[in-house]
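# Got a predicted structure here, sequence first:
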Amino acid sequence: MKALLSIGLVGAAALALLAGVIGAGGDTSMFVSPPEAVAEQFARKLAGARYDVARAHLAYDSPAMRERIRTTSVALRRRAGAISNVEGTSGAIDGDVATATAVITTARAGEIDIEFKLIRRSGSWRIAEWSARL
């Protein structure tokens, strides 16, 4: 029984130490979606014309950003046609600012890249800006 209690205490101490190291180190992808995953999810929502759901990924919500989501989505779907794959690729992380790219594979237009600038707000990566040649 004492051995089992000792194992439990050692495990709890190890988990507390790990949580402290991650918290003090400014976790950027262990317990939150990394920037490339946020970029990929946002691009999938643009491709699917899911404007309201895409807004959840924004750092700043405004009527101008909502219109930008809509116009980017329309331009993407017009150029791309059927989308076969969306994949996020990592960029650089510098403190609370990161970059990522979503590569959208289509039959009609080939690969379309959308580049993102993200900021970390309340511990989560949010999209601050994006650019695409559509």
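Right, received. Where do you want to start?
# Tell me the spacing between the nearest residue to residue 42 once chain neighbours are set aside and residue 84.
Distances taken as CB to CB, 6 or more residues apart in numbering put residue 57 closest to residue 42, at 4.5 Å, once the chain neighbours are dropped. Just so you know, the C-beta spots here come from the backbone N, C-alpha and C atoms, and that holds for glycine as well. Residue 57 sits 22 Å away from residue 84, going by CB to CB, to the nearest Å.
# how's this protein carved up into domains?
Annotated domains of the chain cover 1-27, 32-132 [automatic domain parsing].
# Who does residue 58 form a beta bridge with?
residue 127 (DSSP bridges).
# My read is that it contacts residue 126, right?
Yes. Here residue 58 reaches residue 126: they are 6.2 Å apart, a contact under CB atoms under 8 Å.
# How many residues are close by residue 3?
7 (other CB atoms under 10 Å).
# Tell me the predicted confidence for it.
On pLDDT, residue 3 comes in at 74.
# Equivalent analysis for residue 21, please.
Looking at residue 21, the pLDDT reads 46.
# okay, how far is it across stretch 119-128, tip to tip?
6 Å (CA to CA, to the nearest Å).
# need the least confident one among the domains of the chain, by mean pLDDT.
domain 1-27 (a mean of 60).
# where along this structure do the strands fall?
83-94, 97-106, 110-121, 124-132 (DSSP state E).
# picking that back up, for residue 57 and residue 84, indicate the residue with more neighbours.
Taking other CB under 10 Å, residue 57 and residue 84 do not tie; residue 57 has more neighbours (21 against 10).
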